[in-house]
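Enquirer: Only the shape, not the letters, is given here:
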Ligand code: NDP
């Protein structure tokens, strides 16, 4: 067994989780494979009813699960509620797509009959990170169930408890074997799952290094992968922007929600030189209003980082920024100074005066420290934004809408927001995913269904005699 610790009181054990070995992973995959034909054969009405029951089960015991999630993950309680609410929301949204999944496109013409249809891929492995474990798991599970696939889910070792509770409830509302859970770590359990030859699709959300390993493991059986990976999202504040309270509050919320541990948080700001001083000053003022403490304390605006290793990594980036001559400003307030050292707490920081090549700008910091760099021309800003191995999301801020959209078209990212950069701005109707090393594939809505089904053609040719063949 593996102990799950509370990031706000690192000595406290919130619960325990098992470590599934390759034999247990094999059993789970076999159970999913055995359930797959029956699940795939449901009618549209039966599948819609099943997902409705699943959505109901996902809502059970909501407040206790939210508290559990905050205790294991650290984030403030309302964020845990948003995370948990993602499961019933996504199940309900995907119910709407079931009829379209089942629809066949039939063409009868002088050549014969062509039937284009979608088949479930079969067993889908869902590998989940710790930051938004429930919502991110159901980003893959909900479309997989709507598509007629069965799933095997591997939660993160760091925050497996709330997700596992939701999965137990949801799986009890569905036929046996449709949802399976394999708790464990990435190196052993996750690898065994991604490498299993019966798994037909691996939906992985996590860091780029993990995604690379999963691709390698899946390659052995030519298993398809959907990779939602890390990002280093730039926000471009153009000369045509007005730096007001609304703008800096939106930048702050994007960068520091969940202590910056969000895949598409703003991770670097490029601001036109004419606004640089005003923006830094105003952003520092609103960031200074943040309070850092236990996520269960209603006075906390942000909680701790997930682990001691994460805290060390982010502190090293802050130290490096100071050592290379940057101006590092620590902001916000400690809610419980006496209990500060007990958790993996870090106050929010703004950093200026460091170059594009510095570690903080180049890396995915995944923590509450934000670099701000000036630019002179928009071409320069676009080049700086694109100077990254990542390409998850980005944002452009301007009062001139058309101009902002024109700049957005030049940015290498799966999503470019205009005057917004927040969870929820990319909802279930908008395909989401990264370019470059931020991932492969798209989730959300019909895009998610396409990832989790195979197109099948049924063809009868009435003109077979006229088809080109080998020379006589
Ligand atoms: P990791 O890549 O460390 O882990 C993600 C999951 O993959 C965990 O369940 C982990 O297991 C597992 N895993 C790790 N290595 C392997 C492997 N070799 N084979 C199979 N599974 C493996 O990411 P984090 O959990 O630390 O999450 C943070 C990262 O996720 C950030 O880079 C963030 O940007 C990204 N992310 C991307 C999102 C997106 O939508 N693009 C959304 C959210 C996060 P375990 O940890 O239990 O060992």
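Expert: Structure's in. What do you need? Being a predicted model, the structure only gives us computed values, none of them experimental.
Enquirer: Does the ligand have contacts with stretch 251-261?
Expert: No - Stretch 251-261 is not in contact with the ligand by Cβ under 6 Å from any ligand atom; minimum separation 7.2 Å. Just so you know, the C-beta spots here come from the backbone N, C-alpha and C atoms, and that holds for glycine as well.
Enquirer: and that stretch, what's its mean pLDDT?
Expert: For stretch 251-261, mean pLDDT is 98.
Enquirer: and that stretch, how far out from the chain's middle?
Expert: Relative to its parent chain, stretch 251-261 has a centroid offset of 15 Å by Cα atoms, centre = their mean, to the nearest Å.
Enquirer: show me the contacts for the closest residue in space to residue 53 that isn't next to it in sequence.
Expert: Spatial nearest neighbour of residue 53, chain neighbours left out: residue 173 (4.2 Å); criterion: Cβ to Cβ, 6 or more residues apart in numbering. Residues in contact with residue 173 (Cβ atoms under 8 Å, 6 or more residues apart in numbering) are 50, 53, 54, 56, 57.
Enquirer: So the last one, which state does it fall into?
Expert: Local secondary structure at residue 57 is given as helix here, using DSSP: H, G, I helix; E, B strand; the rest coil.
Enquirer: mind checking pLDDT for it?
Expert: pLDDT, read off for residue 57, is 98.
Enquirer: try the second one
Expert: pLDDT for residue 53: 98.
Enquirer: and the next element down the chain from the helix or strand containing residue 402?
Expert: Taking DSSP states H and E as the definition, residue 402 sits inside helix 401-408. As assigned by DSSP H and E, the chain's next helix or strand after helix 401-408 is strand 415-418.
Enquirer: Give the other helices and strands that that following strand contacts.
Expert: strand 393-397, helix 401-408 (3 or more Cβ pairs under 8 Å, 6 or more residues apart in numbering; DSSP states H and E).
Enquirer: Deepest-packed of the ones you listed, please.
Expert: Mean neighbour count, computed with mean count of other Cβ atoms under 10 Å, is highest for strand 393-397 among the helices and strands packed on strand 415-418, reaching a mean of 29.
Enquirer: ok and the helix holding residue 402 relative to strand 393-397, angle-wise?
Expert: Relative orientation of helix 401-408 versus strand 393-397 (axes from the mean of the first three to the mean of the last three Cα atoms, to 10 degrees): 150 degrees.
Enquirer: pLDDT of helix 401-408, averaged?
Expert: Helix 401-408 comes out with an average pLDDT of 97.
Enquirer: So which residues make contact with that helix?
Expert: With contact meaning Cβ under 8 Å, 6+ apart, helix 401-408 is reached by 236, 238, 240, 378, 381-382, 394, 396-398, 416, 418-419.
Enquirer: just how off-centre is it within its chain?
Expert: On Cα atoms, centre = their mean, the centre of helix 401-408 falls 26 Å from the chain's centre.
Enquirer: Check what pLDDT the residue nearest to residue 53 gets.
Expert: The model reports residue 173 with a pLDDT of 98.
Enquirer: tell me, how many neighbours does the nearest residue to residue 422 once chain neighbours are set aside end up with?
Expert: Leaving aside its sequence neighbours, residue 422 sits nearest to residue 254 (Cβ to Cβ, 6+ apart; 5.5 Å). Per other Cβ atoms under 10 Å, the neighbour tally for residue 254 reads 26.
Enquirer: Off-centre distance for the helix or strand containing residue 254?
Expert: Secondary structure assigned from DSSP H and E places residue 254 in helix 245-256. The chain centre lies 20 Å from the centre of helix 245-256; the measure is Cα atoms, centre = their mean.
Enquirer: Which residues does the very next helix or strand once past that helix contact?
Expert: Note on helix 245-256: by DSSP H and E, the next helix or strand toward the C-terminus is strand 266-272. Outside strand 266-272, the residues that touch it by Cβ under 8 Å, 6+ apart are 231-239, 241, 251, 254-255, 260, 279, 283, 361, 364-365, 370-376, 381, 384-385, 395, 421.
Enquirer: moving C-terminal of the helix or strand residue 66 falls within, what's the next helix or strand?
Expert: According to DSSP H and E, residue 66 maps onto helix 62-73. Using DSSP H and E, the helix or strand that follows helix 62-73 in sequence is helix 77-95.
Enquirer: Please render the helices and strands packed on strand 415-418 as JSON lines that adds distance to the ligand to the earlier fields.
Expert: JSON lines is the format used below for the helices and strands packed on strand 415-418 (distance: least, Cβ to the nearest ligand atom, whole Å):
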{"stretch": "strand 393-397", "distance to the ligand": "9"}
{"stretch": "helix 401-408", "distance to the ligand": "19"}
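Enquirer: Any chance of CSV for those, columns distance to residue 446?
Expert: Shown next, in CSV, are the helices and strands packed on strand 415-418 (distance: least, Cβ to Cβ, whole Å):
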stretch, distance to residue 446
strand 393-397, 20
helix 401-408, 23
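Enquirer: thinking again about what came up before, tell me the helices and strands packed up against the helix holding residue 254.
Expert: Packing contacts for helix 245-256, counted by 3+ Cβ pairs under 8 Å, 6+ apart, involve strand 233-237, strand 266-272, helix 276-287, strand 393-397.
Enquirer: Next, format those as TSV and append mean pLDDT.
Expert: Listed next are the helices and strands packed on helix 245-256 as TSV, based on pLDDT from 0 to 100:
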stretch	mean pLDDT
strand 233-237	98
strand 266-272	98
helix 276-287	98
strand 393-397	98
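Enquirer: So for the helix holding residue 254, what gets flagged as buried?
Expert: By neighbour count on 16 or more other Cβ atoms under 10 Å, the buried set for helix 245-256 is 247, 248, 250, 251, 252, 253, 254, 255, 256.
Enquirer: go on, stretch 229-242?
Expert: Under the neighbour-count criterion of 16+ other Cβ under 10 Å, stretch 229-242 has 229-241 buried.
Enquirer: Just the terminal-to-terminal distance for that stretch.
Expert: 32 Å (Cα to Cα, to the nearest Å).
Enquirer: What is the burial count for residue 155?
Expert: Look at residue 155: counted by other Cβ under 10 Å, it has 26 neighbours.
Enquirer: Ignore what I typed, I meant residue 168.
Expert: 12.
Enquirer: what does residue 272 give?
Expert: Going by other Cβ under 10 Å, the residues that sit close to residue 272 add up to 23.
Enquirer: On the three-state scheme, the nearest residue to residue 215 once chain neighbours are set aside is what?
Expert: Closest residue in space to residue 215, ignoring its immediate chain neighbours: residue 225 at 5.5 Å, by Cβ to Cβ, 6+ apart. On the three-state scheme (three-state DSSP), residue 225 is labelled strand.
Enquirer: Can you give me the distance of residue 225 to the ligand?
Expert: Going from residue 225 to the ligand by Cβ to the nearest ligand atom, to the nearest Å gives 11 Å.
Enquirer: Wait, that residue touches residue 202, no?
Expert: Yes - shown here, residue 225 and residue 202 form a contact pair, counting by Cβ atoms under 8 Å, at 4.9 Å.
Enquirer: Show me which of those two is the more surrounded one.
Expert: More crowded of residue 225 and residue 202, by other Cβ under 10 Å: residue 202, with 27 against 20.
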